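Novice: quick one: sequence and predicted model below, then my questions.
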Amino acid sequence: MKRYYSYILFSVYLLVSCNDNAEKREIENLKDAEKKEIIFKNINKGWNFSNPSVSPTVQATINNWSEWRSFLNELNLKPKSSIGAFQKKAKTLSKKVMELNTNIPYAFNKPEIKSRISVLTTKINSINLFINLDDIPAQKVVTLVSEVNEELVSLTQQMEEIIRKSAIPKEEGESDMIRMLDTARAIPNKIVPQP
C-alpha cells in the first residue's frame, strides 16, 4: 500500500514539475519574442542606405557598369517583414558587393577605387555576419549601415576625383616622360657569355 501511495505521489510530482517547465518555457518564449521584436524595430529604423549623387560625367562613365547599378538597386530595396527578410537582404548584398570588382570601367580600374570597394565589401560582409548571429547586436548593425553610407560617399568622391584629374590637360612632353619612368619597358640587361 505504501508503494502504491508513493507511486501516486511521484506521478503527481512529475506532472506538477512538467507543468512548471512548460510555463517557464512559455515565459522564456514570450521574452525571446519581445526581444526579437525590439531588435527588428531597431534594425528597421536604422536600415537606411544612402545613394550618393554623382556628376553627369561620372554617371556617363558608370552607366555601363551593370554590377554597380545592380548593387545600388539592391541597396535601395528595404526589407519590411521580419528579421529573416533582413538576413536574406544582407546575404544578397554580400553577393552583389563581391561582384563590384568585375567589369570596373577602365577609367575607374585603379587601386584607389579597388581599395574602397574592398572596404565596402568588408562592411557589407560584417552586416551579413552580425545579422545572422543568434543574439543579434542591433546597435552594431545600425552602426555598420551608417559606415557603409560613409564608404559609398568616399567611393563616389574618389570617382569624381579621378574624372577631375583626367580632365586636366597634359603638358608638352609629359607623356614621354611618364613612358620613360615606366620600368616595365626598360631595356633588359643581357648577359653576354665570356669566352
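Specialist: Received it, and whenever you're ready, just let me know what you need. Numbers count the residues shown, from 1 in each chain.
Novice: please, which helix or strand holds the most centrally placed residue in the chain?
Specialist: For the chain, the residue sitting closest to the mean C-alpha position, by Cα atoms, centre = their mean, is Ile124 at 0.8 Å. Assigned by DSSP states H and E, Ile124 falls within helix 111-131.
Novice: now do that helix, average pLDDT.
Specialist: For helix 111-131, mean pLDDT is 93.
Novice: which strands and helices sit next to it?
Specialist: helix 83-98, helix 138-166 (3 or more Cβ pairs under 8 Å, 6 or more residues apart in numbering; DSSP states H and E). For every residue, glycine as well, the C-beta is placed using N, CA and C.
Novice: tell me which residues in that helix are buried?
Specialist: Neighbour-count burial for helix 111-131 flags 113, 116-117, 120-121, 123-128, 130-131 (criterion: 16 or more other Cβ atoms under 10 Å).
Novice: format those residues as JSON lines; extra columns: distance to Ala138.
Specialist: Formatted as JSON lines, the buried residues of helix 111-131 follow (distance: Cβ to Cβ, whole Å):
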{"residue": "Ile113", "distance to Ala138": "32"}
{"residue": "Arg116", "distance to Ala138": "27"}
{"residue": "Ile117", "distance to Ala138": "27"}
{"residue": "Leu120", "distance to Ala138": "22"}
{"residue": "Thr121", "distance to Ala138": "22"}
{"residue": "Lys123", "distance to Ala138": "16"}
{"residue": "Ile124", "distance to Ala138": "17"}
{"residue": "Asn125", "distance to Ala138": "18"}
{"residue": "Ser126", "distance to Ala138": "14"}
{"residue": "Ile127", "distance to Ala138": "12"}
{"residue": "Asn128", "distance to Ala138": "15"}
{"residue": "Phe130", "distance to Ala138": "9"}
{"residue": "Ile131", "distance to Ala138": "9"}
